[in-house]
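Engineer: quick one, fold the following:
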Amino acid sequence: MGWKSLDDMDLNGKRVLVRVDINVPVADGVVTDDTRIQRIVPTVRYILDAGGKPILLAHFGRPKGERVAEMSLKQLVPALEAAFDTPVRFADDCVGPEAEAAAASLSDGEVLLLENTRFHAEETKNDLALAEGMAKLGDVYCNDAFSAAHRAHSSTEALARLLPACAGRLMQQELSALEAALGAPKRPVTAVVGGAKVSTKLDLLSNLIEKVDYLVIGGGMANTFLVAQGLDVGKSLAEHAMTDTAIEIMSKAKTTGCTIVLPRDIVVAEAFEANAPNQVLPADQCPADAMILDAGPDSVAAVSEMLEKSQTLIWNGPLGAFELTPFDTATNAAALKAATLTREGKLTSVAGGGDTVAALNASGAATDFSYISTAGGAFLEWMEGKTLPGVAALDQ
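Structural biologist: Numbering: from 1, shown residues only. Modelled structure (predicted):
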């Protein structure tokens with residue numbers, strides 16, 4: 001990893017352009033969940049304490065190059081001031097005379113928030129001229145928005161090449177956690193991958209079977225693999241057209257030395273609804289009129305045993321229909337086992353993805369995982385082995 005952190009930069013008296021993700025939910029002009037704002041506080045406070053002047057660059061919503069009043073970042077100023085405990089000034093553009101004047105007059109201890117970068121259509125085209133306009137505002141570039149690092153935009157990629165560049169604290173945390181999970185992990189490594197469809201996670205599965213020792217497949221994806229093994233899954237969600245692909249993945253795993261783990265037993269019900277009457281059956285005995293909604297206790301025991309043998313875990317997706325009780329049982333049990341091993345210092349556990357974060361929070365396991373990424377698409381692309389433009393641009 002060739003990127004620099006804030007510790008490598010001289011920030012005293014410098015204007016620091018900080019790319020952040022503060023795409024937070026807002027109702028009637030008021031922030032309703034400030035989680036993303038709280039996660040950038042360490043970076044902003046560090047810059048202020050080091051004598052620097054933070055200038056925040058961010059997108060908000062999808063205005064598609066138009067000025068949309070409801071997507072102005074100005075409405076976030078009160079929430080930012082509360083989080084940073086310092087005055088936050090606002091400029092009505094992210095480039096041009098007004099932004100330049102605001103940046104030039106920024107006082108020590110103040111933060112400047114620039115208007116939505118996506119009010120410029122050029123932003124999403126990674127336009128160099130727009131990036132050059134942004135570069136005039138600062139002396140140092142800091143990217144603290146890993147969640148936007150998979151996009152080659154002016155404020156995430158081109159700008160990073162125009163100024164001395166580094167990763168912010170949140171970006172640094174994320175990159176360090178992912179390096180520990182997939183870059184140079186302690187072995188054995190187990191990956192848990194769930195979700196509805198194999199077709200949406202082909203790149204992920206193909207990359208993981210070359211990187212991990214055990215691959216646990218759950219959710220609707222597991223049903224497709226069971227079908228590929230010749231089993232009847234009744235009315236279960238399954239991609240029958242993807243069975244040849246599933247066979248290829250299982251075959252390739254044998255050559256890479258990756259053990260694929262599928263449900264040994266299943267929890268089935270006739271209706272996809274909470275607390276539907278259900279029963280536990282061997283994986284090869286799904287009734288024709290039922291659907292698989294969770295992995296059974298034997299499957300959970302097998303996953304738990306595997307986690308005990310592992311030193312690293314990377315998790316993306318639930319093992320069953322976690323949004324419906326009691327079909328959250330396998331996901332919760334496996335997550336709590338991983339949390340216990342992590343707490344005891346026996347496992348490094350990294351997780352990410354929308355459903356994953358929700359499932360781990362619901363289980364109560366989230367607080368004990370080594371790291372949980374909220375980056376969504378960027379986290380998934382990293383797991384797929386893809387180069388992230390926003391990260392690559394820091395590696396100069």
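Engineer: buried stuff in stretch 237-245?
Structural biologist: Residues of stretch 237-245 classed as buried: 237-239, 242-243, 245 (neighbour count, 16 or more other C-beta atoms under 10 Å). C-beta coordinates here come from the backbone N, C-alpha and C atoms, glycine included.
Engineer: going by distance to residue 361, which of these wins?
Structural biologist: Nearest to residue 361 out of the buried residues of stretch 237-245 is residue 237 (C-beta to C-beta; 23.6 Å).
Engineer: quick one: the closest one is in a strand?
Structural biologist: No. Under DSSP: H, G, I helix; E, B strand; the rest coil, residue 237 sits outside any strand and is assigned coil.
Engineer: number of nearby residues for residue 385?
Structural biologist: Counted by other C-beta atoms under 10 Å, the residues lying close to residue 385 total 14.
Engineer: low-confidence ranges, the protein, go.
Structural biologist: Residue ranges of the chain with pLDDT under 70: 1, 396.
Engineer: break down the chain into its helices, ranges please.
Structural biologist: With DSSP state H as the criterion, the chain has helices at 35-49, 77-84, 97-104, 128-135, 169-178, 202-208, 219-228, 243-256, 297-309, 329-343, 354-363, 377-383, 389-392.
Engineer: so residue 362 versus residue 355, what's the distance?
Structural biologist: 10 Å (C-beta to C-beta, to the nearest Å).
Engineer: tell me, what's touching these two both at once?
Structural biologist: residue 322 (C-beta atoms under 8 Å, 6 or more residues apart in numbering).
Engineer: test my guess that residue 175 contacts residue 146.
Structural biologist: Yes. Assessed by C-beta atoms under 8 Å, residue 175 is found in contact with residue 146 at 7.1 Å.
Engineer: when these two are compared, which one has more neighbours?
Structural biologist: Neighbour count, other C-beta under 10 Å: between residue 175 and residue 146, residue 146 has more, with 27 against 21.
Engineer: what's the neighbour count on the closest residue to that one other than its chain neighbours?
Structural biologist: Closest residue to residue 146 apart from its sequence neighbours, by C-beta to C-beta, 6 or more residues apart in numbering: residue 174 at 4.2 Å. Residues near residue 174, counting by other C-beta under 10 Å, number 28.
Engineer: what sits against residue 174?
Structural biologist: For residue 174, the contact set (C-beta under 8 Å, 6+ apart) comprises 146, 371, 373, 375.
Engineer: returning to what we had before: could you dump the buried residues of stretch 237-245 to JSON lines with distance to residue 47?
Structural biologist: Converted to JSON lines, these look like this (distance: C-beta to C-beta, whole Å):
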{"residue": "237", "distance to residue 47": "48"}
{"residue": "238", "distance to residue 47": "51"}
{"residue": "239", "distance to residue 47": "48"}
{"residue": "242", "distance to residue 47": "48"}
{"residue": "243", "distance to residue 47": "53"}
{"residue": "245", "distance to residue 47": "47"}
